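Colleague: Give me a 3D structure for the following:
(one chain, ligands or ions: 1)
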Amino acid sequence: MIQVEGLHKSFGDHEVLTGVDFTADGGSVTALLGPSGSGKTTILRSLNVLETPDAGVVRISDATIDFATPPDRRAVKALRSKSGMVFQSHHLFPHKTVLGNLVEGPVQVQKRPVDEATAEARVLLEQVGLAGREDSYPSQLSGGQQQRVGIARALALKPEVLLLDEPTSALDPELVGEVLAVIRDLAAESWTLVIVTHEVRFARDVADQVLFLDNGVVAERGGTEVLTDPQEDRTQRFLARML
Ligand code: ADP
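Modeller: Next up, the predicted model:
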């Protein structure tokens, strides 16, 4: 479902990704862990072309871009449509209701009928445990509820892959569990997920694949044994600090 080859990205003189390769199967959960600044978010943003890599190939499903040459707009749009993004903080439209937030993309961007988008939005809200909150405004919801709306909103665009960038790190500790529970449900429903997280225990529970990033490269890659029995010194040192 996802294939990344030789991804390079610099910001000015700072080479942030120095050749990242990985694949992820459809229906699998990939967890990206690693020290702050190691390039995790940049990888996720590259998958959604929120960042334009300097070199490398990104393939999601049947959309591919080889960044050896600058991509044209149509290719960017095609690749972007394959993934939905959930950010650290939810980026909801504050002046729109929960339902309004969910139908905005499908109707405005994808030109889908309002009735259809509304019916689907209601199903998604139920899925994230927010049935009955259709008419609330984001400010009337807790941080955890807002983030669950953020997840439903990303799903409303019917992506093939969901990219989650530290979805719980901006939340008060008591709200983390409800958001992780929703992500766990999505994993159980065989969504293809790529998640940047510092929640080591959560990653150990739900991930099929773990990528440990360090200094812009995948330093260690494998199943959850990367977290339980790391082979690389730098993975061991990182986990010792986290647990
Ligand atoms: P992580 O998610 O692992 O914390 P990031 O991918 O966010 O790492 O960032 C990797 C490095 O790239 C950091 O040093 C960060 O400061 C730098 N960086 C990220 N985005 C930008 C940007 N838009 N401009 C300049 N530097 C950036």
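Colleague: Below-threshold pLDDT in this protein: ranges please.
Modeller: Using pLDDT under 70 as the threshold, the predicted model of the chain has low-confidence ranges 90, 243.
Colleague: and the residue nearest in space to the middle of the chain, what helix or strand is that in?
Modeller: Among the residues of the chain, the smallest C-alpha distance to the mean C-alpha position (CA atoms, centre = their mean) belongs to L163, namely 1.7 Å. Assessed by DSSP states H and E, L163 sits inside strand 161-165.
Colleague: does the ligand sit close to stretch 32-41?
Modeller: Yes: applying CB under 6 Å from any ligand atom, one finds stretch 32-41 in contact with the ligand at 34, 36-41. For every residue, glycine as well, the C-beta is placed using N, CA and C.
Colleague: Going by neighbour count, which residues of that stretch are buried?
Modeller: Residues 32-35, 38-41 are the ones in stretch 32-41 that count as buried (16 or more other CB atoms under 10 Å).
Colleague: Also stretch 172-182?
Modeller: Neighbour-count burial for stretch 172-182 [16+ other CB under 10 Å]: 175-176, 178-180, 182.
Colleague: Give the residue farthest from the middle of this protein.
Modeller: Of all residues in the chain, D115 sits farthest from the chain's C-alpha centroid, using CA atoms, centre = their mean; the distance is 27.7 Å.
Colleague: my guess is that residue is in a helix, correct?
Modeller: Yes: applying DSSP: H, G, I helix; E, B strand; the rest coil, one finds D115 inside a helix.
Colleague: Is it possible to get CSV of the buried residues of stretch 172-182 that adds secondary structure?
Modeller: Below are the buried residues of stretch 172-182 laid out as CSV (three-state DSSP):
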residue, secondary structure
L175, helix
V176, helix
E178, helix
V179, helix
L180, helix
V182, helix
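Colleague: wouldn't the residue nearest to the centre of the chain be in contact with W191 here?
Modeller: No: if you go by CB atoms under 8 Å, L163 and W191 don't touch, sitting 11.1 Å apart.
Colleague: what does this protein have sitting close to the ligand?
Modeller: Within the chain, the positions lying close to the ligand (CB under 6 Å from any ligand atom) are 11, 16, 34, 36-42.
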